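>>> structure of the sequence below:
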Amino acid sequence: MTATDPRDKLSFAHGQASPVAGESELSVTYSRFDDIKAYVALTKPRIIELLLVTTVPTMFLAAGGLPQFSIALATLVGGALAAAGANTLNCYVDRDIDAVMARTENRPLVTGRIPARNALVFGIGLSLLSVLVLAVFTNLFAALLGAAAILMYVVGYTMILKRRTSQNIVWGGAAGCMPVLIAWAAVTGGLTWAPVVLFLIVFFWTPPHYWPLSLRYKDDYAAAGVPMLPVVAEPQSVVVKIIRYSWAMVLTSLVLIVAGPMGWFYSIVAIVLGVLFMYEAFALRGRVRKKAQDLMPMRLFHGSITYLALLFLAVAVDPFL
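Modelled structure (predicted):
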């Protein structure tokens, strides 16, 4: 916690919150289940789910079918632990700005539900355990990629880029692309062009996924002093960049047809999804140009999640056809 957060005045022990010396009396009792829920919340489970959506299909493609069960299980566990550790450390570093953003003001470190030191230890422990699981049950290369992903997200994005540049989510988002490399390396022991193309699909997908969310919550980011692109640029400029990255993503998804190589099923799905995604991107640009009262940026945000999930589902199914 930072000194700017008045809720840092609470100390916790054995599931009970009590005031520090000199503060007014306050006693709030929590159950063990509440404790577990708070720690789980630190790991941002929804983000972990999205990362695993890209991991499983990549393993299917790498194996040309069903991967070895033990390898797949270890990759999923190791990947989930890596994401959980990185997300927890992200919450630890960002606890000061989370306190001034309506979207994040109820996170456990902001409310004082979990002490900052506990979160730091928890995040480091999860991160180390993830690398150990990948190293022991898959291979050293996958473990090194896992460690790199954690460092990229915590140090590269959270500590260096996020508060300094409007391109934070572009380059910092590369950490979210790493699961496909980890999955491929876990199954095959190396990398080829196919996982690189998968990496690039997620890389180009990240800005048109996250910038609509930033449009929706730009006032929050501005209040926190985070220079997300919609905070420092006009909506017209933001949507132009969204469309550019969307085109790059869709075209890269078609490159996978050759790099995979992929069959007819993936090819059809990639084309249809690409058309639908571009439709939503241009629809957002249309609303911005008309200066609509409600830009409805969350349509593209939620649509982008569906796009990625269905595209990678096609990656998983294609080897069996």
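
>>> enumerate every residue touching the spatially most central residue of the chain.
Central residue of the chain (CA atoms, centre = their mean): residue 47, 4.8 Å from the mean position. Shown in contact with residue 47 (CB atoms under 8 Å, 6 or more residues apart in numbering): 83, 87. For the C-beta atoms, the positions are set from N, CA and C on the backbone; glycine is no exception.

>>> tell me how far it lies from residue 53.
11 Å (CB to CB, to the nearest Å).

>>> mind jotting down where the helices sit in the stretch 151-300 of the chain?
Ranges of helices in the stretch 151-300 of the chain, per DSSP state H, counting those that start in this stretch, are 168-172, 178-188, 193-216, 218-224, 229-232, 235-259, 264-289, 298-317.

>>> and if you look at the stretch 1-150 of the chain?
32-42, 45-63, 69-93, 95-98, 108-111, 116-137, 140-151.

>>> quick one: the residue nearest to the centre of the chain and residue 67, what's the gap?
23 Å.

>>> domain assignment for the protein?
1-190, 192-321 (automatic domain parsing).

>>> any chance of CSV for these, columns mean pLDDT?
Shown next, in CSV, are the domains of the chain (pLDDT from 0 to 100):
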stretch, mean pLDDT
domain 1-190, 86
domain 192-321, 96
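
>>> isn't residue 190 up against residue 139?
No: the criterion here is CB atoms under 8 Å, and residue 190 misses it with residue 139 at 9.4 Å.

>>> out of the helices of the stretch 151-300 of the chain, nearest to residue 94?
With CB to CB as the criterion, residue 94 lies closest to helix 218-224 of these, at 8.7 Å.

>>> could you list the buried residues of that closest one?
218, 220-221, 224 (16 or more other CB atoms under 10 Å).

>>> and if you look at stretch 145-165?
145-150, 152-154, 156-159, 161-162, 165.

>>> what two of these are the furthest from one another?
Farthest pair in the buried residues of stretch 145-165, by CB to CB: 146 and 165, 25.8 Å.

>>> wait, what's in contact with residue 114?
So residue 114 contacts 12, 38-39, 42, 108 (CB under 8 Å, 6+ apart).

>>> so how far is residue 310 from it?
Where residue 310 is concerned, residue 114 sits at a distance of 36 Å (CB to CB).

>>> same thing with residue 220?
Counting by CB to CB, the gap from residue 220 to residue 310 is 30 Å.

>>> swap in residue 213?
20 Å.

>>> of these two, who's got more company?
residue 213 (20 against 16; other CB atoms under 10 Å).

>>> for the residue nearest to the more buried one when sequence neighbours are not counted, the count of nearby residues, please.
Nearest residue to residue 213 in three dimensions, chain neighbours excluded: residue 301, at 4.9 Å (CB to CB, 6 or more residues apart in numbering). Residue 301 has 20 neighbours, counted by other CB under 10 Å.

>>> is it true that residue 301 touches residue 212?
Yes: the pair residue 301 / residue 212 is scored as a contact, 4.2 Å apart, by CB under 8 Å.

>>> tell me who's in contact with residue 130.
So residue 130 contacts 78-82, 84-85, 146, 150 (CB under 8 Å, 6+ apart).

>>> and of the residues you listed, the nearest to residue 175?
residue 150 (7.9 Å).

>>> residue 172: neighbour count?
Neighbours around residue 172, by other CB under 10 Å: 22.

>>> would you mind finding the most buried of the helices of the stretch 151-300 of the chain?
helix 178-188 (a mean of 26; mean count of other CB atoms under 10 Å).

>>> can you list contacts of that one?
51-52, 54-56, 58-59, 61-63, 67-68, 71-72, 74-75, 78-79, 82-83, 134, 138-139, 141-142, 145-146, 148-149, 152, 191-192, 194-196, 198-199, 202.

>>> please indicate which of the residues you listed are buried?
51-52, 54-56, 58-59, 61-63, 67, 71-72, 74-75, 78-79, 82-83, 134, 138-139, 141-142, 145-146, 148-149, 152, 191, 194-196, 198-199, 202.

>>> from residue 308, how far out is residue 206?
10 Å.

>>> how about residue 49?
For residue 49, the distance to residue 308 - CB to CB - is 12 Å.

>>> quick check: closest non-adjacent residue to residue 95.
residue 109 (4.2 Å).

>>> all set now, cheers.
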